[in-house]
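Visitor: structural data only, the sequence is not supplied:
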């Protein structure tokens, strides 16, 4: 995806659809996926850099070691407004997000990320 990269570490097939785990990496000054929601609960754990996360109408800054809960159905987004690469783990419960990834990748291929 260029300025944004996702790596799935565990998916529904491996966890009996209990959860999915993925890494998300953004280059400096990169927008994320855009505001969206999905039915699964999500927890983000910041690994590196500082992520700006939208939860509903509010934006927060999350630093390494921070956990951020995104309940299912809540509109959210993330971006890296910083000067260094930023990354986080995403835990989705139940699994399911990974099944949407081929369509998401296709969409981003025709809608490149902008600057944050």
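Guide: Happy to help now that I have it. This is a predicted model, so every value here is computed, not measured.

Visitor: next up, phi/psi of the residue of the chain most remote from its centre, please.
Guide: Most distant residue from the mean C-alpha position of the chain: residue 16, 21.8 Å away (C-alpha atoms, centre = their mean). The phi/psi pair for residue 16 (degrees, to the nearest 10) reads phi 50, psi 40.

Visitor: tell me the pLDDT of it.
Guide: What the model reports as pLDDT for residue 16 is 92.

Visitor: how much space separates the residue positioned nearest the centre of the chain from residue 66?
Guide: For the chain, residue 24 is the residue whose C-alpha lies nearest the centre (C-alpha atoms, centre = their mean; 5.5 Å). Relative to residue 66, residue 24 is positioned 14 Å away (C-beta to C-beta, to the nearest Å). Where C-beta positions appear, they are placed from N, C-alpha and C, glycine not excepted.

Visitor: residue 13 too?
Guide: 29 Å.

Visitor: between those two, who's got more neighbours?
Guide: residue 66 (15 against 11; other C-beta atoms under 10 Å).

Visitor: so who does the more buried one touch?
Guide: The neighbours of residue 66, taking C-beta atoms under 8 Å, 6 or more residues apart in numbering as the test, are 45, 46.

Visitor: same thing but 6 Å
Guide: residue 46 (C-beta atoms under 6 Å, 6 or more residues apart in numbering).

Visitor: cool, residue 61 as well?
Guide: Neighbour list for residue 61: 50, 52 [criterion: C-beta under 6 Å, 6+ apart].

Visitor: how many residues are close by the nearest residue to residue 97 once chain neighbours are set aside?
Guide: Residue nearest to residue 97 in three dimensions, not counting chain neighbours: residue 20, with 5.6 Å by C-beta to C-beta, 6 or more residues apart in numbering. The local packing of residue 20 (other C-beta under 10 Å) involves 25 other residues.
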